[in-house]
Every structure is written in C-alpha cells, then in structure tokens.
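Chemist: Task: produce atomic coordinates for the following.
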Amino acid sequence: MKRRTLLAGAGATLTVVACVPMTVVAAHPDATPLPPDDLEPFYEALDPHGDWWWNEHWGWVWSPTVGPGWRPYTRGTWMWTTDDGWLWASSEPFGWAVFHYGRWVWLDDAGWVWVPGRVWGPAWVVWRQGPGFVGWAPLHPEVAWVPGRGFVRVDLDYGVVSGAWVFVDDRYVVAPDVSVVCWPAPRNVVVLSTSTIIHRPARDHAEHRNDGVDIDVVSRARGQQVRPHRIIHTDDPSARPAARDSDDNDSGDNDDARRAEPRAIVVPSPRAIARPRLNEPDVLGPRARLQREVEQRPLPTPRAEDVDRHWDEVRRRVIQDHERERRAAPAGISPDVLGRRQRAELEELEREKQRERQTDAKKGATPRKVTRKATRKVPHKGSPPPGSR
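Modeler: Down below sits the predicted model:
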C-alpha cells in the first residue's frame, strides 16, 4: 500500500508551495463525490481561459484560448515521482485540471478540445521511444481507464493524430520548459516510423501510474541522476507543482546519495474534485451535466497573421534542423534517404499549416451551443490563485 502525506488544508498547502518550490499534491480518501452538476469543479476555473460548448459526440467539452500550433503537454516539464511515475508540471494556468483529469482530442472543426474526467492522474499520455529521443501524446478519450481494471484498450495510441506527438532528445525530458526544446511537429511524420510505443504494464489497477520512459535512460543522457519526488496530497485543487526540475539549479545536491533522496512536491488532491468509481470509466463524456445559460455562436480563432507567423517560425526551425543533420551526416543513412526524409517533413509542414487554416475556418464559421460568458468573473475555489503561473 502506498503511504502518502495529507496536508492539513488549503492554507497549509499554499505555505508549503511558497517555501518548498519542489513539493507536489494528490488524493484524499474522505473527499466527496461529484456534485449533481458534474462539471462544477472545473467550470468556473476554466471558463476565463477558454469556452465550454456542447459536442454531439463527446458532450460538454472545453476549448482553450491559445495561439496557433498549440499542443497539449508542451508548456511545462516532467517530474519523476516515486509513487506515480512521470508527473506533468504545467506552466499554464489551467494545467492543474486539463492535464490531470479527462482526455484531449483533436477535432477537424474545432481543434484541440478537452473532454472532462473524474479520475486524477499524474498525466494521461502514451509514450514512444527511439534512438536518443522520447515522445508523448495525449491519450484519446476512448482509451478510458477504469479503477480496478486499468485501461480498456491495449492499443494506447488509438486515435492519436501525428501532430499530437511531442518529441525531445532524451536529455531534455526534464528541461524546465519542454516547449523550447521539443522538435517541430512536422518532423513527426518521419520520427514516428523510427520509434516504438513504450508499454510498461501496470503493477496494479488501483491507481493510474505513468511510467513512460525509464528514468535511468534520462539520467544517462543528462549525465546526472534525475532526482525523484515524493507526492504530498492537499485538499486545495489550486495548488500546483513548480514547473521546473530543481536538479538544474540546485548546486548543493551534486552527490549521488543526496540526489537519490525523494524531494517533496505538492499537487491537488484527485478526490478533492471527484471520487473514482470502481468499474466506471474515468472519462465523463455525454452523460456529464452542466446547468448554464448557453448561446449560439462560433468559437474564437487566432488572427490569420499570427497563424502565418507561427508557421514561418516552424519552417525556419525545421530548415535549421535539416542543415545540422546534413553537416552531421548520420551514420547508416545515405544522402538520398536523408534528402527524402527532409522533403517529407517539409511537405508535412505544408499539410499541417493547411489543416490548421481549414480548422480555424470551420471553427470561426460554425455556430455552437456555447455557455454564456459572465460579465464579471468570481474567483472559484478550484481556480489557480490570481497572478500564478
């Protein structure tokens, strides 16, 4: 049985977060189940950062207000925890909810949307690994996890689109900000063919554990042991782990013995929001209730000039990577094969650009049943504190 520490309350949690930046928070055995309005714990907290709308297939979903080219599980870092495996520490104000509950799915007429769920997890992703690199992508909503049974599917990459994958060099898994070091998405078209799914069967199915890439692989690539963390649980869902790994700026922990000691990190209690129900899928789907005023309107879209600027920057990065590859002359790859791969990536870049433009056009032209925005936002106990990052 796992032994975990429970903080006294929300005040204590905030104090710990301020004084111990490398502390994390999670489950509480006495928390109450979801209220009659299933999405109430999430609604007020997420409404300022996006739009809640009704999708005929997935039910009530949430679309974030983000820039072009945004992908889930990109802005933040990974922390290794002794009990739960890899924990995603997001730097985004809505990350405490959407990367630890529910699932993400790409819709051609709406882009990335979040389908709420009732079970907390360190992250809901599937992993891939290749020579010298590792990647992850959000699990599809149909890859549900059932307490007591585990995942309902064995093909964990089911429904994952190519552009959803985030790849980095092995040594950058715990980089302070993954978005700075991850590979441009159009490169996935080649990378996927040179990598394989990481499947590490769960030891038990009582709680979701995100093992992913072996911690020793990351440590060897960095030339330094990745420091493990020990999760502390709090009742305050606004508490979030620091969005960087302390190993990179903690010069006092250079000896192996000290770095092997787990450091505490505080994360929101899973059951402070929802109690997992035995033999029921964690993804809520169309059955979720949300009693709010709605209006018919399209979803907001990025400005066309911002989209063009983003894809120009992606193209510049891809071309830079190609030039470095040609200078390095990868072993075992002929110039002809390398040239074909690089052309395929540039062609995929153009396809991704056109797909995003088409999605934005549909998104901005299709009226939907969207919850009405309040004229004045009232802070919700489940939302991150004002000014937090």
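
Chemist: Report the next helix or strand after the longest helix belonging to the chain in sequence order.
Modeler: The longest helix of the chain (DSSP state H) is helix 335-365. As assigned by DSSP states H and E, the chain's next helix or strand after helix 335-365 is strand 368-371.

Chemist: Could you work out the end-to-end span of stretch 141-157 for me?
Modeler: 11 Å (CA to CA, to the nearest Å).

Chemist: okay, now Q358: neighbour count?
Modeler: Neighbourhood size, Q358 [other CB atoms under 10 Å]: 12. In short, each C-beta sits where N, CA and C put it, glycine included.

Chemist: Could you tell me which residues make contact with it?
Modeler: D108 (CB atoms under 8 Å, 6 or more residues apart in numbering).

Chemist: Okay, now stretch 70-89: how far is its last residue from its first?
Modeler: Between where stretch 70-89 begins and where it ends, there is a gap of 17 Å, by CA to CA.

Chemist: Off-centre distance for it?
Modeler: 7 Å (CA atoms, centre = their mean, to the nearest Å).

Chemist: pLDDT (mean, whole number) over that stretch?
Modeler: Average pLDDT, stretch 70-89: 94.

Chemist: Buried residues in that stretch, which are they?
Modeler: Using 16 or more other CB atoms under 10 Å as the test for burial, stretch 70-89 gives 70-81, 83-89.

Chemist: Looking at the residues you listed, which are in helices?
Modeler: Reading helices off those, I find no matches (DSSP H).

Chemist: Among these, name the ones in strands.
Modeler: Among the buried residues of stretch 70-89, DSSP state E puts G76, T77, W78, M79, W80, T81, G85, W86, L87, W88, A89 in strands.

Chemist: For I265, state which of the residues you listed is nearest.
Modeler: Using CB to CB, M79 is the member of these that sits closest to I265, with 6.4 Å.

Chemist: Could you find the closest non-adjacent residue to the closest one?
Modeler: Using CB to CB, 6 or more residues apart in numbering and skipping the chain neighbours, the partner closest in space to M79 is L87 (4.7 Å).

Chemist: Am I right that I231 sits in a helix?
Modeler: No. The assignment for I231, made by DSSP: H, G, I helix; E, B strand; the rest coil, is strand rather than a helix.

Chemist: separation between it and G121?
Modeler: Per CB to CB, to the nearest Å, I231 is found 12 Å from G121.

Chemist: for V191, same thing?
Modeler: 25 Å.

Chemist: now G69
Modeler: Applying CB to CB, the value for G69 to G121 is 26 Å.

Chemist: Among these two, which residue is more densely surrounded?
Modeler: Higher neighbour count among G69 and G121: G121, with 24 against 19, using other CB under 10 Å.

Chemist: Would you check that that one makes contact with V98?
Modeler: No. Using CB atoms under 8 Å, G121 is not in contact with V98; the gap is 11.8 Å.

Chemist: how about W183, what does it touch?
Modeler: F133, F167, V168, V191, D321.

Chemist: tally of neighbours for the last one?
Modeler: What it means is D321. Neighbours of D321 using other CB under 10 Å come to 15.

Chemist: what kind of secondary structure is it in?
Modeler: Strictly by three-state DSSP, D321 counts as helix.

Chemist: per-residue confidence for it?
Modeler: pLDDT, D321: 91.

Chemist: now it: how far from Q342?
Modeler: Using CB to CB, D321 is found at 9 Å from Q342.

Chemist: Same question for the second one.
Modeler: Distance from F167 to Q342, counting by CB to CB: 16 Å.

Chemist: okay, those two: which has more neighbours?
Modeler: Each of F167 and Q342 has its neighbours counted (other CB under 10 Å); F167 has more, 22 against 19.

Chemist: Any idea how many residues pack against the nearest residue to that one once chain neighbours are set aside?
Modeler: With CB to CB, 6+ apart as the criterion, F167 has its nearest non-adjacent residue at 3.8 Å, and that residue is G135. Neighbourhood size, G135 [other CB under 10 Å]: 25.
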